[in-house]
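[1] The sequence and its predicted three-dimensional model are supplied below.
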Amino acid sequence: MKAKWIAAGVGVLIVAGITPWGVGYVTEQQWGQVTHELNQSQSFVQLRTDDYQRGFFGARITGTVTLMNPENGESYPVEYQASVTHGITGSYMDFEPVSGWAPEDADWFHEQPRLTLESRLWGTAVLELEAPAIAINNSASGESLRTSGGIVRVEVSDAGEQVKALAVWPQLRFTAPEMTLRADDFRLEQNMAHLQGDVWTGLMEASLATVALTAPGMPPVTIEGLQMRSSTEAKASGQRLDSRLSAAAEKLRYEDKGYGPHKLVFALENLDVASWGRLTTSMAELQTLALTQDQGGREAFEQQIAAMEKVSRAARDLAAAGFTAGFPELVLNTPEGKVTGSASISHPELTDDQKAEMLMVMQRLTGKMDLSLPARLVEKYPMVRMQLAPLIKQGLLVPEGDRLVLAARLSDMVVDVNGQEVPVPPLF
């Protein structure tokens with residue numbers, strides 16, 4: 001019996017000794033797959049592995065991360081290195097920039113940040129950034145950035161089909177000669193599930209305890225209890241999609257007085273999932289072409305035209321499948337009274353014959369918009385009066401008691417605004 005237990009123990013030790021080699025092999029394959037899928041899915045972050053030296057109990061990786069600015073297409077390459085430790089069920093990677101987390105001779109961090117990736121053989125991975133307190137000063141511009149320590153954590157499971165994210169940052173303060181911005185107690189949680197293509201469902205909740213802005217010669221402005229919530233749900237056996245985004249603030253403080261609550265809601269309803277996926281993908285492709293291609297040239301021009309046609313065709317398919325989009329709720333509480341409003345636009349679902357005869361999306365669009373605000377708000381604030389004066393002059397905002405109201409309806413490419421009919425040009 002004793003000999004059997006000894007043999008079993010030796011077997012376990014052999015397996016435990018060999019297992020890290022197999023884990024290392026799988027980790028290298030998974031890293032290559034992740035790199036490929038990340039680069040194929042978008043163009044703003046490109047990951048390249050220059051060298052992967054795999055040993056028995058660990059590995060060393062060197063490569064380059066290239067970040068692209070979506071506004072101007074400029075690229076910023078950052079060389080990285082990572083040490084990999086192979087365990088029995090997974091691997092642990094510790095990343096850092098080759099040139100360090102801060103420029104030479106810069107004292108940005110009290111401790112060094114840590115960026116790690118922990119993976120498991122069954123397809124689970126956890127990416128975590130632990131950031132210490134940050135202090136950055138720019139003596140030339142007079143700007144400075146101060147933050148507390150924070151954490152960002154992303155967990156991927158079910159072979160990439162499920163994603164959970166968490167970000168917590170207690171404090172941030174940016175100071176410049178013309179203003180100071182402070183944000184306290186930021187928290188974000190998100191759960192996502194892959195539906196199909198580039199379409200995901202899930203829930204996101206983000207909050208900030210306070211956001212304060214001060215500037216010389218102006219009263220401070222503070223927003224308290226800022227919250228954002230986004231939800232995307234599939235229905236009709238995954239063929240249709242509802243999405244809703246809300247932003248709310250408990251109170252806005254200005255000149256030592258507080259006003260609130262405030263809320264704005266945006267909603268997309270009954271979207272055809274396949275058409276929505278094609279639209280988002282084609283729009284991303286068009287944006288990528290605009291940023292990465294050199295200006296001029298017949299080939300580049302033809303590619304952009306083809307991409308624009310794909311966007312147009314996807315938008316047409318989405319409309320033909322039927323949808324509703326808009327702002328179902330707007331509430332702003334001001335010292336002069338409450339501002340309320342709502343807006344929506346819809347397109348009916350078409351039959352195949354109707355879709356074949358469809359010349360423009362706008363032909364069958366219907367919509368409505370309602371807005372009501374205190375007249376005192378326009379009278380007291382010159383900036384508001386300047387913005388709304390054209391609408392009042394044209395009769396689009398009309399008095400109703402002590403308020404100004406707008407009631408608009410869209411049908412048959414004509415907008416009826418407070419009884420005035422305005423033809424809508426055939427834009428798309």
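    Noted; the coordinates are in hand.
[2] Please spell out the segments of the stretch 201-350 of the chain that come in under the pLDDT threshold.
    For the stretch 201-350 of the chain, the stretches with pLDDT under 70 are 291-297.
[3] need the strands for it, in chain order.
    Counting by DSSP state E, counting those that start in this stretch, one finds strands in the stretch 201-350 of the chain at the ranges 218-235, 240-254, 257-259, 262-272, 323-334, 337-347.
[4] Any chance of TSV for these, columns mean neighbour count and distance to G58?
    Placement of C-beta: from N, CA and C, glycine included. Listed next are the strands of the stretch 201-350 of the chain as TSV, based on neighbours: other CB atoms under 10 Å; distance: least, CB to CB, whole Å:
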stretch	mean neighbour count	distance to G58
strand 218-235	16	40
strand 240-254	17	44
strand 257-259	13	57
strand 262-272	18	47
strand 323-334	17	51
strand 337-347	17	57
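[5] for those, which one sits closest to A389?
    With CB to CB as the criterion, A389 lies closest to strand 337-347 of these, at 17.1 Å.
[6] hang on, the earlier thing: can you put the strands of the stretch 201-350 of the chain in CSV and add distance to V163?
    Output for the strands of the stretch 201-350 of the chain, formatted as CSV (distance: least, CB to CB, whole Å):
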stretch, distance to V163
strand 218-235, 13
strand 240-254, 17
strand 257-259, 38
strand 262-272, 21
strand 323-334, 25
strand 337-347, 31
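[7] Now do the nearest residue to I345 once chain neighbours are set aside against T147, distance only.
    Using CB to CB, 6 or more residues apart in numbering and skipping residues adjacent in sequence, the residue nearest I345 is G367, 3.7 Å away. Relative to T147, G367 is positioned 43 Å away (criterion: CB to CB, to the nearest Å).
[8] ditto for V265
    Distance from V265 to T147, by CB to CB: 31 Å.
[9] next one: V154
    Distance from V154 to T147, by CB to CB: 20 Å.
[10] How about residues contacting stretch 124-138?
    90, 106-119, 143-157 (CB atoms under 8 Å, 6 or more residues apart in numbering).
[11] Would you mind writing the CA trace of it as CSV?
    The C-alpha coordinates for stretch 124-138 follow below in CSV (Å, rounded to 0.1, in the frame of the first residue of the first chain):
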residue,chain,number,x,y,z
THR,A,124,-10.6,32.9,-18.9
ALA,A,125,-8.3,35.9,-18.8
VAL,A,126,-8.0,38.8,-16.4
LEU,A,127,-6.3,42.0,-17.5
GLU,A,128,-5.5,44.4,-14.5
LEU,A,129,-3.9,47.8,-14.3
GLU,A,130,-2.9,49.0,-10.8
ALA,A,131,-2.0,52.7,-11.0
PRO,A,132,-0.4,54.5,-8.0
ALA,A,133,-0.9,58.2,-7.2
ILE,A,134,0.2,60.4,-10.2
ALA,A,135,1.7,63.8,-10.2
ILE,A,136,2.6,65.4,-13.5
ASN,A,137,3.7,69.0,-13.9
ASN,A,138,4.3,71.0,-17.1
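[12] and that stretch, what's its mean pLDDT?
    Stretch 124-138 carries an average pLDDT of 91.
[13] And that stretch, how far out from the chain middle?
    Its chain's C-alpha centre and that of stretch 124-138 lie 19 Å apart, by CA atoms, centre = their mean, to the nearest Å.
[14] So which bits of that stretch are buried?
    Neighbour-count burial for stretch 124-138 flags T124, A125, V126, L127, A131, P132, I134 (criterion: 16 or more other CB atoms under 10 Å).
[15] Likewise for stretch 397-408?
    Neighbour counts using 16+ other CB under 10 Å place L397, V398, R403, L404, V405, L406, A407, A408 of stretch 397-408 among the buried residues.
[16] right, and the pair among the residues you listed with maximum separation?
    Farthest pair in these, by CB to CB: R403 and A408, 16.1 Å.
[17] Look at F174 and give its secondary structure.
    Counting by DSSP: H, G, I helix; E, B strand; the rest coil, the backbone at F174 sits in strand.
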